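Asks: I would like to see how this sequence folds:
(2 chains, ligands or ions: 3)
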Amino acid sequence: MTEPNYASEPLLSVQDMEKHFPVTKGLLKRQVGAVKAVDGISFDVFKGETLGLVGESGCGKSTTGRLVTRLLEPTAGKVVFEGQDITHMSQGRLRPLRRDMQMIFQDPYSSLNPRHTVGAIVGAPFRIQGVQTENGIKKAVQDILSLVGLNPEHYNRYPHEFSGGQRQRIGIARTLALKPKLIIADEPVSALDVSIQAQVVNLLEDLQNELDLTYVVIAHDLSVVRHISDRVAVMYLGKIVEIADRKRLYSSPMHPYTNALLSAVPVPDPKARKGRERIRLAGDVPSPLNPPPACRFHTRCWKAQEICKTVEPPLGEVASGHRVACHFPENAVETPAATAAAEQS
Amino acid sequence: MTAPLDVPGSAAEAQPESVLAGAGKDIQGRSLTRIAWMRLRRDKVALGGGVVVVLLILVAIFSGPIISVFGHDPLEFHQEAIDQSTLLPQGSFGNMGSEYLLGVEPVNGRDIFSRIVAGAWISLLIGFLATLVSVVIGTVLGVVAGYFGGWVDQVIGRIMDVFLAFPLLVFAIALAGVVPDKGFGLEGNGLRIAMLIFIIGFFSWPSIGRIVRGQTLSLREREFVDAARSLGARHGYILFREVLPNLLAPILVYATLLIPTNILFEASLSFLGVGINPPTPTWGGMLSEAVRFYTLPHFVLFPGLAIFITVLAFNLFGDGLRDAFDPRAH
Ligand SMILES: Nc1ncnc2c1ncn2[C@@H]1O[C@H](COP(=O)(O)OP(=O)(O)O)[C@@H](O)[C@H]1O
Ligand code: SF4
Ligand SMILES: [Mg+2]
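Replies: Ligands and ions are numbered 1, 2, ... in the order given. Predicted coordinates:
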């Protein structure tokens, strides 16, 4: 097993990335606003690591994944993959790079073409990229099928003949065909039965060890990414509010939103469960069409003060590798808000 | 060049859920088409419609031999079958019998059976080819509009609106009136048949175009299209390999339902005297002559029945096809 290499240059670097979907009205398509799905996020992903990306539904996680894989054009910011700026690279020049960066999709029913056999689906990457295989595409596909725990003899079967978990394995097999370096997994298990989720997560973990993969795993709660992640980033309404290595994030979360998410995670150890009470978040996630000013979480935060509504808290480093965007973080020795307030006056 | 993955499948070992029972050599999957076919076979009504459709097609194809064995030349006059004082068919039931299976027409005594069989050929020919024209136009424009969206979709959408709002019957009557006797290397009714195929097909594509556009629009959003794009697939690959295979079933269903509409349309035009010119036998033309002889039920009945049975059979079969391909659409 390879340990993540934090010393070298990151495999993927996202810098101040934004995606605003225009909202138009009327016959002339006049722009009346924008859905700020992703609103200025930055993070690095290092070779061999797994970055968890967590946040409630609608906070821009899928959009982030689709921006990184250039299924969407960013409104602003930069995407750097292996040192190359791919933000505005043409699809033609991007094509060879796509072998190195693949995406696992959320819905195992929508992500496989119902008219294609498993063999055609998993073999598509070879055909699209014009890659030659030593013993033919069929042999290569069957090897990958057994690698992900599917029966290679089911090569000629159709997606609807498989269960949800098996279908997700087919989707995973497709991403592995070209031996990518980076895999973005967009909620890879949230559509699956709870009893199967662990198996698919374990499969991803095993594959990472065997094939030297780097992952960005997207999830809407903190329990799924707990075991697989090396670092975790928490998103709220198009922004990263906290990012830290796994241990720190789960043992001493600092952002109130992270605390709220964490309190929803079931704790197996009854001793640890004591002294932790469940935080219920008031209200719904506000619309990204019109996000709250300054700290976007202030409409639901139980610690909110006046400053939270007027001054946006920066994503500041509070400890090595631990960044948080909050004026009054939890588990903190000294509050950055005090410093910030002092600077203000 | 990338070599195939050759990692031993240790990741696969602890995965009981994934190991499917029933190992065998190269298990053949059941495609959605095969499943639809199995459902269709259980639908007796649709199957009945299908059998009639097949029979009609056979009759149309072999109309020549059928007529020469069971009837007379459809254009031939048979004065001997006509009562010369009333000009009506001799005997009862319009002179039906072993000589003239469905009786004869009044005045000139043409064999109704032969004319119905010959009419089947023209009806089905125009019904099928006009539908082919509209399927081709509708599919191409519908896929382009749905896949590319934006202004392309806007333009094609407006064109569809114009065609749907067009007073087709009035236009067809006007156009049919000015068609010359010769043109495009064709003449007489050959030219009129080609023109009817073109007019009917050209004006009925928007219905299929809208369905194809809507389906393409929803297919485009499916994640398998994103998966292909993230693999670097070009538009042509996505259109032909990912989108089109999912459109074949709805296109087949709506084409089957469009054929009877087009057959009726041809019958209406011929009934109004702007379709195929007499004496060439068509069901619509026969009906329009028959309405003048309302005392002769067999003269109206048989062409009317032919149209009715044909339209009904295609519709029953088409509805069954739709249910077979989409069991939720009941
Ligand atoms: N193509 C699009 N056009 C307009 N709005 C979009 C589009 N895709 C996503 N959005 C909006 O962007 C926001 C973030 O969506 P998404 O990234 O899918 O969130 P998540 O994956 O975290 O649930 C949502 O409010 C969603 O409605
Ligand atoms: S900045 Fe204020 S409102 Fe925002 S999370 Fe921190 S305490 Fe809550
Ligand atoms: Mg999502």
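
Asks: what about residue B:230, distance to residue A:79?
Replies: As judged by C-beta to C-beta, to the nearest Å, residue B:230 and residue A:79 stand 14 Å apart. All C-beta atoms are positioned from the backbone trio N, CA, C, and that covers glycine.

Asks: just residue B:244 next, same as before
Replies: 32 Å.

Asks: higher neighbour count, these two?
Replies: residue A:79 (20 against 17; other C-beta atoms under 10 Å in any protein chain shown).

Asks: so that one belongs to a helix, correct?
Replies: No - counting by DSSP: H, G, I helix; E, B strand; the rest coil, residue A:79 is not part of a helix but strand.

Asks: list the beta-bridge partners for it.
Replies: Counting by DSSP bridges, residue A:79 is bridged to residue A:14.

Asks: how about it, what does it touch?
Replies: A:12-15, A:17, A:67-68, A:70, A:85-87 (C-beta atoms under 8 Å, 6 or more residues apart in numbering or on different chains).

Asks: pLDDT at it, what is it?
Replies: Note for residue A:79: predicted pLDDT of 96.

Asks: from ligand 1, how far out is it?
Replies: Distance from residue A:79 to ligand 1, counting by C-beta to the nearest ligand atom, to the nearest Å: 16 Å.

Asks: tell me which element the residue nearest to the spatial centre of chain B falls in.
Replies: Nearest residue to the geometric centre of chain B (C-alpha atoms, centre = their mean): residue B:259, 2.5 Å. Assigned by DSSP states H and E, residue B:259 belongs to helix B:244-271.

Asks: which element follows that helix toward the C-terminus?
Replies: As assigned by DSSP H and E, the chain's next helix or strand after helix B:244-271 is helix B:283-290.

Asks: for the record, mean pLDDT for that next one?
Replies: 83.

Asks: so which elements touch that helix?
Replies: Counting contacts by 3 or more C-beta pairs under 8 Å, 6 or more residues apart in numbering or on different chains; DSSP states H and E, helix B:283-290 packs against helix B:112-148, helix B:244-271, helix B:297-325.

Asks: dump these to JSON lines, plus distance to residue A:114 and mean pLDDT.
Replies: Below are the helices and strands packed on helix B:283-290 laid out as JSON lines (distance: least, C-beta to C-beta, whole Å; pLDDT from 0 to 100):
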{"stretch": "helix B:112-148", "distance to residue A:114": "18", "mean pLDDT": "92"}
{"stretch": "helix B:244-271", "distance to residue A:114": "7", "mean pLDDT": "90"}
{"stretch": "helix B:297-325", "distance to residue A:114": "12", "mean pLDDT": "88"}
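
Asks: if we look at stretch B:272-281, which residues are touching it?
Replies: B:74-75, B:114-116, B:118-119, B:122, B:172-173, B:176-177, B:188-189, B:192-193, B:196, B:266-270, B:282, B:284-285, B:288-289.

Asks: kindly recompute the last result at 7 Å.
Replies: Here stretch B:272-281 makes contact (C-beta atoms under 7 Å, 6 or more residues apart in numbering or on different chains) with B:74-75, B:115, B:118-119, B:122, B:172-173, B:176-177, B:189, B:192-193, B:196, B:266, B:269-270, B:282, B:284-285, B:288.

Asks: mind listing what's buried along that stretch?
Replies: B:274-277, B:280-281 (16 or more other C-beta atoms under 10 Å in any protein chain shown).

Asks: show me the two of those residues that sit farthest apart.
Replies: B:274 and B:281 (16.5 Å; C-beta to C-beta).
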